[in-house]
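Engineer: how would this look folded up:
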Amino acid sequence: MNISKSLGNAMPNVDGILVVAENQINGIGRSGNQWLSPKGCALLTFNYNIPLSSNLGSNLTFIQLILAVSICDAIKSLLNLPEFPITIKWPNDIYFERKYKLGGIMVTSSIFGEILQCTIGAGLNVSNSKPTICINDLLPSDCEKKLSIEEVLAETMNKFEFYINMFENNGKSAFLRYYYNFWLHSNEEVEIQHSSNNEKEMVIIKGLDEYGYLQVQSKNNGKVFSVHDDGNTFDMMKGLIRPKIR
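Structural biologist: Predicted structure coming up:
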């Protein structure tokens, strides 16, 4: 991320340079969380310039969703396993079913003239059995193929370009049809802890709103409202969305 940001500062009109790390000793995730990055992880960062006048420029939250779908679609395509259960946990984590976290995404952005200059990073456990688990460990026993980091990176970027073009040309509704094919939460019942008073409320997840935020419906009064990913964390094992502890 630091290298990509430096490239962006030095060459603000140039984007698409992919920075790849073999391993990291100082990886970070959202809110400064530590991310362990041993050899076998696919670790990528790149700058992407988005015109403010574009569809995506007015819907920046969707950029992390586009990369998440790109990663999942890339894995399924490379394996030629349409039913391989790689999934998206809101807002930006990659999972195997609901069991194992395989990766995550982080995006930072700033305005430069008439463009949004985004630095987009992701880490994905491809062939590292430690410290947790990786995709190659989770393949069916009759699957002869093992993924390499190089092909995962290449196919992910191909898919990213495909979904960016889809979003720009066909709009967010067309893109969301693909997103919902991968995500875990349709009609899931969870508990929300409100930051204003710490009270908890049971809700049903309905999907994403027009800005890409989580849309839920209260089981108490039927009210539909949105939950931002910035400032909240989703403990899927507990079925609880709560304010982050600062």
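Engineer: what about the strands in this protein?
Structural biologist: 18-21, 41-51, 86-89, 93-96, 100-112, 115-125, 189-193, 200-208, 214-218, 224-227, 232-235, 240-243 (DSSP state E).
Engineer: so which of those strands comes closest to residue 64?
Structural biologist: Proximity to residue 64 (CB to CB) singles out strand 100-112 among those, at 5.0 Å. For every residue, glycine as well, the C-beta is placed using N, CA and C.
Engineer: report the rounded mean pLDDT for the closest one.
Structural biologist: The average pLDDT for strand 100-112 rounds to 91.
Engineer: from the chain's centroid, how far away is it?
Structural biologist: Strand 100-112 sits 7 Å away from the centroid of its parent chain (CA atoms, centre = their mean, to the nearest Å).
Engineer: what's it packed up against?
Structural biologist: helix 62-79, strand 93-96, strand 115-125 (3 or more CB pairs under 8 Å, 6 or more residues apart in numbering; DSSP states H and E).
Engineer: does anything pack onto the last one? Which helices or strands?
Structural biologist: Using 3+ CB pairs under 8 Å, 6+ apart as the contact criterion, the neighbours of strand 115-125 among helices and strands are helix 2-10, strand 41-51, helix 62-79, strand 100-112.
Engineer: okay if I get those as a markdown table plus mean neighbour count and distance to residue 215?
Structural biologist: Putting these into a markdown table (neighbours: other CB atoms under 10 Å; distance: least, CB to CB, whole Å) gives the following:
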| stretch | mean neighbour count | distance to residue 215 |
| --- | --- | --- |
| helix 2-10 | 15 | 31 |
| strand 41-51 | 21 | 23 |
| helix 62-79 | 22 | 14 |
| strand 100-112 | 17 | 20 |
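Engineer: could the ones you listed go into a markdown table alongside distance to residue 91?
Structural biologist: Formatted as a markdown table, the helices and strands packed on strand 115-125 follow (distance: least, CB to CB, whole Å):
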| stretch | distance to residue 91 |
| --- | --- |
| helix 2-10 | 21 |
| strand 41-51 | 18 |
| helix 62-79 | 7 |
| strand 100-112 | 9 |
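Engineer: of those, which approaches residue 207 most closely?
Structural biologist: Judging the helices and strands packed on strand 115-125 by CB to CB, what sits closest to residue 207 is helix 62-79, at 11.8 Å.
Engineer: quick revisit: quick one: closest of the helices and strands packed on strand 115-125 to residue 177.
Structural biologist: Here helix 62-79 is closest among the helices and strands packed on strand 115-125 (CB to CB), at 10.4 Å.
Engineer: okay, that closest one in PDB with CA atoms only?
Structural biologist: Provided in PDB are the C-alpha atoms of helix 62-79 (Å, rounded to 0.1, in the frame of the first residue of the first chain):
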ATOM      1  CA  PHE A  62     -18.700  -0.100  -4.800                       C
ATOM      2  CA  ILE A  63     -15.000  -0.300  -5.700                       C
ATOM      3  CA  GLN A  64     -14.300  -2.800  -2.900                       C
ATOM      4  CA  LEU A  65     -17.300  -4.800  -3.800                       C
ATOM      5  CA  ILE A  66     -16.100  -5.000  -7.400                       C
ATOM      6  CA  LEU A  67     -12.700  -6.300  -6.300                       C
ATOM      7  CA  ALA A  68     -14.300  -8.900  -4.000                       C
ATOM      8  CA  VAL A  69     -16.500 -10.300  -6.900                       C
ATOM      9  CA  SER A  70     -13.400 -10.200  -9.200                       C
ATOM     10  CA  ILE A  71     -11.500 -12.400  -6.700                       C
ATOM     11  CA  CYS A  72     -14.300 -14.900  -6.200                       C
ATOM     12  CA  ASP A  73     -15.100 -15.200  -9.900                       C
ATOM     13  CA  ALA A  74     -11.400 -15.500 -10.700                       C
ATOM     14  CA  ILE A  75     -11.000 -18.500  -8.300                       C
ATOM     15  CA  LYS A  76     -14.000 -20.300  -9.700                       C
ATOM     16  CA  SER A  77     -13.000 -19.700 -13.300                       C
ATOM     17  CA  LEU A  78      -9.400 -20.900 -12.700                       C
ATOM     18  CA  LEU A  79     -10.500 -24.000 -10.900                       C
END
